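Asker: sequence? don't have it. structure:
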Ligand code: OOG
Ligand code: MG
C-alpha cells in the first residue's frame, strides 16, 4: 500500500466523518516519518481544493493529554482556514466524536525558523497571544490510536476558535494562567499554562524545531496552537462549554 493511497483513505474519512480502523492495524512497518508524509499528502488534497494553510498546532504537549491517549511524545499538525470557527458556535455536522480542549494560541508577525530557537526569538516574532479552544475529532474508532495513526490523521484536528481578545505577549506570565473549563455549568477540567511543556513558549520552540527538520517554518501572520492544557472533553448537541482563562476573561462555545 502506498502512502498516497493511505492519505486518500484518511482524507475520505475526514471529509465524510466516517470512523476509520487504525492504519497501524492494517499496514505494517509505517514509521513516524511515513505518518508525517501521509499527513502532508492529506493536507495537499485540501489545499488543492482551495483551502489554505494558516498555521500549525502542537499536540500532546501536556502530561494530562499524553496519559489520556497513551502516547508520550509531542506531535504537530497543520491548521487550515476551513478549521477556524468564526463565531463561538460549533455544528456537529461533519464530526464523529468531537472533544474540546483549552489552549493558548500565539500569532506571529515575523518568520520563525531554525533549530536553535530561544524563548527570546519567539517573543521577538510574536505579535500577540490569544486564549483559544480546539475541537479535536480523531477519525479512528473509539478515539483510539498509536503515535503513527494520530500523526497521519493530522493529529485529530477538526476545528478551533480563538477568542475576541488578543493580549500582548508581555501581558502576564503565561505558564501561570489558570484555566477552568465548564460543561453546562459544571467544572469538568482545570489546569494551568505550565501544563504545556512548563511554559507554552516551549511548545512554539518545539514546533519550529520540528518544522525545521522538514524544511518548513512559521510564516508571518500564522498562528500556532500550543496544545491542550487539560484533557479534552466530549461535546454533544445542546452543550454549552465555557473556559475561563484566569485574568483574561471567559470564552463560551455552544454546540448545536
Ligand atoms: C491528539 C491531538 C492532541 C493536543 O492539544 O494535545 C492535541 C488527540 O488527543 O487526539 O490536539
Ligand atoms: Mg489540541
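Answerer: Alright, I've got the coordinates. None of the values given here were measured: they were computed from a predicted structure. Ligands and ions are numbered 1, 2, ... in the order given.
Asker: quick one: stretch 193-200 to chain centroid distance?
Answerer: Its chain's C-alpha centre and that of stretch 193-200 lie 15 Å apart, by C-alpha atoms, centre = their mean, to the nearest Å.
Asker: what mean pLDDT does that stretch have?
Answerer: Averaging pLDDT along stretch 193-200 yields 98.
Asker: now stretch 139-150
Answerer: 97.
Asker: do it and ligand 1 meet?
Answerer: Yes: for stretch 139-150, a contact with ligand 1 is found by C-beta under 6 Å from any ligand atom, at residue 150. Glycine gets a C-beta too; all of them are placed from N, C-alpha and C.
Asker: buried set for that stretch?
Answerer: Buried positions in stretch 139-150, judged by neighbour count with 16 or more other C-beta atoms under 10 Å: 139-140, 143, 145-150.
Asker: what do you get for stretch 41-49?
Answerer: Within stretch 41-49, judged by 16+ other C-beta under 10 Å, the buried ones are 41-43, 45-46.
Asker: hmm, who's touching that stretch?
Answerer: Residues outside stretch 41-49 that contact it (C-beta atoms under 8 Å, 6 or more residues apart in numbering): 3-4, 7-8, 10-11, 14, 53, 78, 80, 82, 152, 154.
Asker: Looking at those residues, which is nearest residue 108?
Answerer: Using C-beta to C-beta, the shortest approach to residue 108 within the contacts of stretch 41-49 belongs to residue 53, at 13.5 Å.
Asker: quick one, what contacts residue 103?
Answerer: Taking C-beta under 8 Å, 6+ apart as the test, what residue 103 contacts is 131-134, 160, 225-229.
Asker: switch to 10 Å and redo it
Answerer: 57-59, 61-62, 130-134, 160-162, 179, 193, 196, 200, 203, 224-230, 243 (C-beta atoms under 10 Å, 6 or more residues apart in numbering).
Asker: Next one: it relative to residue 175, how far apart?
Answerer: 14 Å (C-beta to C-beta, to the nearest Å).
Asker: Need the phi and psi values for residue 90.
Answerer: For residue 90, the backbone dihedrals are phi -130, psi 130 (criterion: degrees, to the nearest 10).
Asker: Pairing partners for it in the sheet, please.
Answerer: Beta-bridge partners of residue 90, counted by DSSP bridges, are residue 255.
Asker: Let me see the ranges of the strands in the stretch 1-150 of the chain.
Answerer: 53-59, 75-80, 89-90, 99-108, 126-136 (DSSP state E, counting those that start in this stretch).
Asker: How about the stretch 151-256 of the chain?
Answerer: 157-162, 178-183, 186-192, 223-225, 233-234, 240-245, 249-255.
Asker: want to throw those into a markdown table with distance to residue 216?
Answerer: Output for these, formatted as a markdown table (distance: least, C-beta to C-beta, whole Å):
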| stretch | distance to residue 216 |
| --- | --- |
| strand 157-162 | 16 |
| strand 178-183 | 29 |
| strand 186-192 | 29 |
| strand 223-225 | 12 |
| strand 233-234 | 31 |
| strand 240-245 | 29 |
| strand 249-255 | 30 |
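Asker: In contact with residue 216, which residues are there?
Answerer: 40, 53, 56, 78, 113, 208, 210.
Asker: what's the distance between it and ligand 1?
Answerer: Separation of residue 216 from ligand 1 (C-beta to the nearest ligand atom, to the nearest Å): 19 Å.
Asker: so how far is residue 152 from that residue?
Answerer: Counting by C-beta to C-beta, the gap from residue 216 to residue 152 is 18 Å.
Asker: before we move on, back to that, just the buried residues of stretch 41-49: which are in helices?
Answerer: 41-43, 45-46 (DSSP state H).
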